[in-house]
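In: no sequence for this one, just the structure:
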């Protein structure tokens, strides 16, 4: 049994089978659709979200798990471990870390260390997975935290959005409001770093977007870990094949981005989350 338990949120997009194998506790975020509050991966599937999204008159909203949700998740760990590392989505985009902290205060039996991943989707997820693997190997909390910090320094996240419309409607990114009209008919290439989304390129077609993503990933040099991401993209297989010409993708993780991020970026997106070797 691991001496340290790892807790995260569903925004990390750790594939369910990986979370089960490594004993990771995942606390679901919520998405509000047409008056209903649904737990990510529990009461709504990702395929369902993306199939419904284009036809919704009102853009869904998202919210953090509650303090109670986190309290219950931590209580389930009492008696199994005495130490927990909770790794959560970037504090700059969500209150989840604060909710987790308050939830942990209701469970004094556990010594909980909070980590702001500074990231989202699998760029957060890689930190979670690395931590859980270290915990399973019997490493102590300080060693695991050092591993997390190493991954944080080397993780990269870049994505192509099919449109800026969802990001504009969400109001979450200030530069989108000024750029949406100018970028109306292009595919934006966005990198998430230092807690914010940054526009790093723009292309006219999805084919060119796939090529640009491949070029960016290639410029990172050798990769220690690779995850290929999508938001119900019809050409995801083409994207995977292109990436397979550059990297050994046999061990790459495939992750469909969840509602908490998906409602802001929209369907048909493609992305890469990687840990560079140096």
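Out: Perfect, thanks for sending it. Every value quoted in this text rests on a predicted model; they were computed, and no experiment measured them. Residues are numbered from 1 along each chain as shown.

In: Now do the contacts for residue 104.
Out: For residue 104, the contact set (Cβ atoms under 8 Å, 6 or more residues apart in numbering) comprises 70-71, 74, 84, 86, 110, 112, 114. All C-beta spots, glycine's among them, are computed from the backbone N, C-alpha and C.

In: 10 Å - rerun?
Out: The contact partners of residue 104, taken as Cβ atoms under 10 Å, 6 or more residues apart in numbering, are 7, 67, 70-71, 73-74, 84, 86, 110-114.

In: What is the distance between the helix or strand where it lies and the centre of its chain?
Out: Per DSSP states H and E, residue 104 falls inside helix 96-105. Mean-position distance between helix 96-105 and its chain equals 19 Å (Cα atoms, centre = their mean, to the nearest Å).

In: Next SSE downstream of it?
Out: strand 111-116.

In: partners of that following strand in the sheet?
Out: strand 83-88 (parallel) (DSSP bridges).

In: For the buried ones among the contacts of residue 104, write the corresponding ChimeraX selection.
Out: To isolate the buried members of the contacts of residue 104 in ChimeraX, using 16 or more other Cβ atoms under 10 Å:
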select :7,67,70,71,73,74,84,86,110,112,113,114
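
In: Buried residues of the helix holding residue 104, list them for me.
Out: Buried-residue list, helix 96-105, by 16+ other Cβ under 10 Å: 96-97, 99-100, 103-104.

In: now, among those residues, which is nearest to residue 241?
Out: When those are compared for distance to residue 241 (Cβ to Cβ), residue 96 comes out closest, at 34.9 Å.

In: Quick check, the closest one in contact with residue 90.
Out: Yes. Using Cβ atoms under 10 Å, residue 96 is in contact with residue 90, at 9.2 Å.

In: could you dump the contacts of residue 104 to a markdown table with pLDDT and distance to residue 260?
Out: Below are those laid out as a markdown table (pLDDT from 0 to 100; distance: Cβ to Cβ, whole Å):
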| residue | pLDDT | distance to residue 260 |
| --- | --- | --- |
| 7 | 98 | 16 |
| 67 | 98 | 17 |
| 70 | 98 | 15 |
| 71 | 98 | 20 |
| 73 | 98 | 17 |
| 74 | 98 | 20 |
| 84 | 98 | 22 |
| 86 | 98 | 17 |
| 110 | 96 | 25 |
| 111 | 97 | 28 |
| 112 | 98 | 22 |
| 113 | 98 | 23 |
| 114 | 98 | 19 |
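
In: any chance of the contacts of residue 104 in TSV, plus distance to residue 132?
Out: Below are those laid out as TSV (distance: Cβ to Cβ, whole Å):
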residue	distance to residue 132
7	10
67	24
70	18
71	21
73	15
74	16
84	12
86	12
110	17
111	18
112	15
113	14
114	16
